[in-house]
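Colleague: My questions are about this predicted structure, shown below with the sequence.
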Amino acid sequence: MGVGPDSAAVLLIAAGDNPDRLTDEASFAALCGVSPVEQSSGKTRRRRLNRGGHRQANAALYRIVQSRIRWDERTQAYLQRRTVEGMSRREIIRCLKRYVARELYRHIRPSATTAMRPAA
């Protein structure tokens, strides 16, 4: 839901340009700039997005999240639940970007069966 051809192309290009960096979904999230970074001070504990990484892939994830917030019922329910828990909209979007990166990594990574199959 929410992944159009432009966003998919940007994410595939980001993943294809860095195949040696993609060891797991956390590395894909860091590549896209959506891995959490501690931003705690005193008694306040929170996280922010990693500002490093592929900026166009991060923007693609943002567009996907925005379309899901608008049209996907599950995402809208998640947004309401986390708002009631006291999270800001910005923090919720950070979490949603990480969830989307995790979900898309499962589709992007090459499966073990095709990687082990000899070329014909």
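Modeller: Yep, it's here.

Colleague: Need the residue closest to the centroid of the protein.
Modeller: In the chain, the residue lying closest to the centroid (C-alpha atoms, centre = their mean) is residue 101, at 2.6 Å.

Colleague: quick one: that one and residue 34 touch, right?
Modeller: Yes: between residue 101 and residue 34 there is a contact under C-beta atoms under 8 Å: 5.1 Å. Using the backbone N, CA and C atoms, a C-beta is placed for each residue, glycine as well.

Colleague: helix/strand/coil for residue 86?
Modeller: What DSSP: H, G, I helix; E, B strand; the rest coil gives for residue 86 is coil.

Colleague: circling back: shared neighbours of residue 101 and residue 34, which are they?
Modeller: Residues touching both residue 101 and residue 34 (C-beta atoms under 8 Å, 6 or more residues apart in numbering) are residue 61.

Colleague: any idea of the mean pLDDT in whichever strand or helix holds residue 81?
Modeller: Following DSSP states H and E, one finds residue 81 within helix 73-84. For helix 73-84, mean pLDDT is 93.

Colleague: Where does pLDDT dip in this structure?
Modeller: Judged by pLDDT under 70, the chain has its weakly predicted residues at 39-51, 110-120.

Colleague: which residues in it form helices?
Modeller: 5-17, 25-32, 55-71, 73-84, 89-108, 112-116 (DSSP state H).

Colleague: Please state the offset of the first one from the chain centre?
Modeller: Distance of helix 5-17 from its chain centroid, counting by C-alpha atoms, centre = their mean, to the nearest Å, is 13 Å.

Colleague: got the buried residues for that helix?
Modeller: In terms of neighbour count (16 or more other C-beta atoms under 10 Å), helix 5-17 has its buried residues at 7, 10, 11, 14, 15.

Colleague: just to revisit the earlier point, mind putting the helices of the chain in JSON lines, distance to residue 38 included?
Modeller: Below are the helices of the chain laid out as JSON lines (distance: least, C-beta to C-beta, whole Å):
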{"stretch": "helix 5-17", "distance to residue 38": "25"}
{"stretch": "helix 25-32", "distance to residue 38": "14"}
{"stretch": "helix 55-71", "distance to residue 38": "19"}
{"stretch": "helix 73-84", "distance to residue 38": "19"}
{"stretch": "helix 89-108", "distance to residue 38": "13"}
{"stretch": "helix 112-116", "distance to residue 38": "34"}
